[in-house]
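Visitor: give me coordinates for this.
(one chain, ligands or ions: 1)
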Amino acid sequence: MKEKIEEIRKVAKEKIEEIQNLQELQDLKVKLLGKKSELSNLLKGLGTLSQEERPKVGSLVNEARNEIEQKIQSAEAILKEKAMAQKLEKEKIDITAPSTKITRGSKHPINRVIEEIQDIFVSMGYDVVEGPELETDEFCFERLNLPQGHPARDMQDSFYITEEYLLRTQTSAVQARTMIANEEKSPIRMICTGKTYRREDDATHSHQFNQVEGLVIDYKEKNTSLADLKGTLEVFMRKMLGPNTQLRFRPSYFPFTEPSYEVDVTCFKCGGKGCPLCKKTGWIELLGSGMVHPRVLEMNGYDPEKYSGFAFGTGIDRLAMFKYGITDMRYLYTNDVRFLSQFDRKDEN
Ligand code: DAH
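Guide: Numbers count the residues shown, from 1 in each chain. Just a heads-up that it's a prediction; the model follows:
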């Protein structure tokens, strides 16, 4: 009997040592110590033994039981520790590893320029207003002193939708809208940026482009003059294109201003020395401007005896091209990521 118990102990020890995981250990525990185990059967059979043998065998069995239990316990502790170590290893997070790069879109150069223009004028106390792209003939032409049949309408071949409605050819339409909307006829200081449309079909013009319009109206006694217009455009252009930019005012004609001027800026590429871009003149024509025509004031509810002001307008696309040295206008509209990604957000503040 003693040998048998020894044998059980030996086999149990070996088996416990072989176990690799907690589930197997649990199964083995049932097999070695459970109700149907060899040790339990031995205990059950104690009654068949002699008075003398019974306590001896009983204590041997209990000893074996205790020993096996202990061995199982320490095996369990070791396996648990091993499982935890494995889990930790598997779930390890390297907080020093570089993170995955999040790619962000970049702001379109046109939108950048629009925002910059808005910032410049807001800093000078201007309101930023908007107007509809689908405009009426009345606001786009009539109220700007361009009546039906006026030759200046030929300058702007238009996309008419109906007889009355067209896609606006100029943001100047918003001048009239702002004056009409201002019921108190109080002074106006506004800019408007937005899309404009013309029926251009040559290679260097797009049928859709962007303009910025500016309008200042004040009481006559404030003496809003050409000097104010010049000063304003100088600040605008120098902030946009660099502090050394010079401006040149050339008399011109626009129906809604009198006198009217076209404004040239020193070529951003050669600084005014003359190069192919400025056709060796040193100047680039950029803006239209002038003092608001008294008839325009009158037609839009401002008494020209009491008010005066100035207006100006320019193409944003060309401005963006000059500012960023973009050589082909099509880059602005073809959404090539290689082009757009150059205008990364990193220099934004
Ligand atoms: N609307 C003109 C154009 O599209 C530009 C312009 C000229 C705007 C003179 C003005 C202005 O406000 O006073 O060519």
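
Visitor: what is the mean pLDDT for the biggest helix by length in the chain?
Guide: The single longest helix within the chain, with elements called by DSSP state H, is helix 53-90. Mean pLDDT, helix 53-90: 91.

Visitor: for it, list every residue counted as buried.
Guide: For helix 53-90, the buried set under the neighbour-count rule, 16 or more other C-beta atoms under 10 Å, comprises V57, L60, V61, A64, R65, I68, K71, I72, A75, E76, L79. For glycine as for every other residue, the C-beta is placed from the backbone atoms N, C-alpha and C.

Visitor: any residues touching stretch 52-69, and which ones?
Guide: 1-2, 5, 8-9, 12-13, 16, 32-33, 39, 42-43, 46, 49 (C-beta atoms under 8 Å, 6 or more residues apart in numbering).

Visitor: next, give me the two most distant ones among these.
Guide: Spatial extent of those (C-beta to C-beta) is set by the pair I16 and L49 at 28.0 Å.

Visitor: tell me the SS of the closest residue to S341 other than its chain neighbours?
Guide: Leaving out its chain neighbours, the residue that sits closest to S341 by C-beta to C-beta, 6 or more residues apart in numbering is S106, at 5.5 Å. On the three-state scheme (DSSP: H, G, I helix; E, B strand; the rest coil), S106 is labelled coil.

Visitor: now S106: phi and psi?
Guide: Note on S106: backbone dihedrals following degrees, to the nearest 10 are phi -110, psi 160.

Visitor: what's the spacing between it and the ligand?
Guide: Distance from S106 to the ligand, counting by C-beta to the nearest ligand atom, to the nearest Å: 29 Å.

Visitor: let me see the contact set for that residue.
Guide: For S106, the contact set (C-beta under 8 Å, 6+ apart) comprises L340, S341, Q342, F343, D344, R345.

Visitor: ok, so of the contacts of stretch 52-69, who is nearest the ligand?
Guide: The nearest member of those to the ligand, counting by C-beta to the nearest ligand atom, is I16 at 93.4 Å.

Visitor: tell me the pLDDT of the residue of the stretch 51-200 of the chain found nearest the ligand.
Guide: Going by C-beta to the nearest ligand atom, the ligand is nearest to Q170 of the stretch 51-200 of the chain, at 3.6 Å. We have a pLDDT of 96 for Q170.

Visitor: which non-adjacent residue is nearest it?
Guide: Among residues not flanking Q170 along the chain, T196 sits closest, at 5.8 Å (C-beta to C-beta, 6+ apart).

Visitor: report how many residues lie close to the one you found.
Guide: Counted by other C-beta atoms under 10 Å, the residues lying close to T196 total 25.

Visitor: does I117 count as helix, strand or coil?
Guide: helix.

Visitor: the residue nearest to it when sequence neighbours are not counted and A152, how far apart?
Guide: In space, and not counting its chain neighbours, I117 is closest to V212: 5.4 Å by C-beta to C-beta, 6+ apart. According to C-beta to C-beta, to the nearest Å, V212 and A152 sit 20 Å apart.

Visitor: try E142
Guide: In this view, E142 and A152 are 12 Å apart by C-beta to C-beta.

Visitor: S341 too?
Guide: 41 Å.

Visitor: ok, these two, which is more surrounded?
Guide: Shown here are S341 and A152; by other C-beta under 10 Å, A152 has more neighbours (15 against 12).

Visitor: contact partners for the more buried one?
Guide: A152 sits next to L146, Y253, F254, P255 when contact means C-beta under 8 Å, 6+ apart.

Visitor: residues from the stretch 101-250 of the chain in reach of the ligand?
Guide: Q170, S172, E213 (C-beta under 6 Å from any ligand atom).

Visitor: would you mind measuring from the last one to M124?
Guide: Meaning E213. Between E213 and M124 the distance is 15 Å, computed by C-beta to C-beta.
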